[in-house]
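Colleague: Need a 3D model of the following:
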Amino acid sequence: MAQSNPPWTLGQLAELLQGELHGPADLLIKGVTSAGIADPDGIAFAETDEYREKAEQVPIAALLVGPGMSATVPYIVVAAPRHAFFALLNWCDRPLKAGAGVHPTAQIAESATVEPGASVGAFAVVGEDSVVEAGAVIHAHGFVGDRCRIGSDSVIYPRAVLVQDVTLGARCIIHPGAVIGAEGFGFVWDGKRRIKIPQVGGVTLGDDVEIGANTCIDRATAGQTRIGSGSKIDNLCQIGHNCEIGEHTVLAGACGISGSVKIGSRCVLGGGVGTNDHISICDDVTLGGRSGVDRDITEPGAYFGTPARPIGEAMRAFVLIPKLPEIWSRVRKLEKKVGE
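Modeller: Numbering: from 1, shown residues only. You can find the predicted model right below:
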């Protein structure tokens, strides 16, 4: 499927998406929108009649629909509307531009290496003994501390911070405000006060890892905090020191992972999931949003609640919660009768 930037005509989109045109070929489409969001120049997608009806309730230029569907506005029938819409999103994407080479205002330590083809933006910092591989981009005001390595084609967005001893694989993305490699939260009580434990380890990210805005990943007390290749971590998450997260695992926003937790591969953690420290979660586990994990999970499957339990058991308990006052009242009446 060829790349094409907006605006398009509806006829061009039908050709590009290999779809069936129903409407004026010369209708101008200036961008994309969501079903139910008014945009007289935009195109949305609808996989079901429910979403088609929602889209048709507001001014919209056109729709992408599936086989056997029609619409009251101009539309294109495609085999997979969602995938076709994703193609349009890619064509509309406007990546933050980076200048070639090292900006004159960037601060590069003498012992650091910036390979040819890398880009370091205005007022960015690269610390001692750090390496920025070919194709990597550090945008303006990005901070890469000492002894870090930025893999090829990785991107550090503005005001992201790699404190020290951080290794990124290839094609990683670190969004604005993320802090990787800050000190782990380690203290010991000596009977009078809390004594700080030095944190001398690092953080290692595999290939194709994406870290959301304002997420924090602490460096290990000793050894490495590890995030496996292909894993994606949303905004505002906290990953404690010495954690290990497997490959292709997803953490939605505001997850809090305590120190020394091990999470397997291909796991999905909904928003706001929290864990105790030093627990293990096996591969292929899905945790519903705001679940709390207080012990090891050793069997793949879906879990929910606090403490997290298998989804069927958890939902049965969840349904009973609103009925507890009534149940308690009945129990008290029964107890009174038994007593009499």
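Colleague: residues making contact with stretch 110-126?
Modeller: Stretch 110-126 is contacted from outside by 98-103, 105-109, 127-145, 148, 150, 156, 158, using CB atoms under 8 Å, 6 or more residues apart in numbering. Any C-beta I mention is one placed from the backbone N, CA and C, and that applies to glycine too.
Colleague: Tell me the buried residues in it?
Modeller: Using 16 or more other CB atoms under 10 Å as the burial criterion, the residues of stretch 110-126 that qualify are 112, 114, 118-121, 124-126.
Colleague: domains for this structure, by residue range?
Modeller: According to automatic domain parsing, the chain is divided into the following domains: 8-92, 101-316.
Colleague: Give me the mean pLDDT for the first one.
Modeller: Looking at domain 8-92 alone, the average pLDDT works out to 96.
Colleague: what do you get for the longest one?
Modeller: Confidence for domain 101-316, expressed as mean pLDDT, is 98.
Colleague: Would you mind measuring the gap between the ends of it?
Modeller: One end of domain 101-316 sits 59 Å from the other (CA to CA, to the nearest Å).
Colleague: Stretch 239-250 now?
Modeller: Chord length of stretch 239-250, first to last residue, is 13 Å (CA to CA).
Colleague: that older thread, now, of the contacts of stretch 110-126, which are buried?
Modeller: Buried residues within the contacts of stretch 110-126, counting neighbours by 16+ other CB under 10 Å: 98, 102-103, 106, 108, 127, 130-133, 135-145, 148, 150, 156, 158.
Colleague: Including secondary structure and distance to residue 320, could the buried residues of stretch 110-126 go into a markdown table?
Modeller: As requested, the buried residues of stretch 110-126 are arranged in a markdown table below (DSSP: H, G, I helix; E, B strand; the rest coil; distance: CB to CB, whole Å):
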| residue | secondary structure | distance to residue 320 |
| --- | --- | --- |
| 112 | coil | 60 |
| 114 | strand | 61 |
| 118 | coil | 58 |
| 119 | strand | 57 |
| 120 | strand | 58 |
| 121 | coil | 56 |
| 124 | coil | 55 |
| 125 | strand | 56 |
| 126 | strand | 57 |
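Colleague: Make a markdown table out of those residues and add distance to residue 59.
Modeller: Shown next, in a markdown table, are those (distance: CB to CB, whole Å):
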| residue | distance to residue 59 |
| --- | --- |
| 112 | 54 |
| 114 | 50 |
| 118 | 46 |
| 119 | 41 |
| 120 | 45 |
| 121 | 40 |
| 124 | 44 |
| 125 | 48 |
| 126 | 49 |
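Colleague: where exactly do the helices run in this protein?
Modeller: 10-16, 49-56, 81-92, 311-320, 324-339 (DSSP state H).
Colleague: okay, the domains of the chain, which one's buried deepest?
Modeller: Of all those, domain 101-316 carries the top mean neighbour count, a mean of 19, counting by mean count of other CB atoms under 10 Å.
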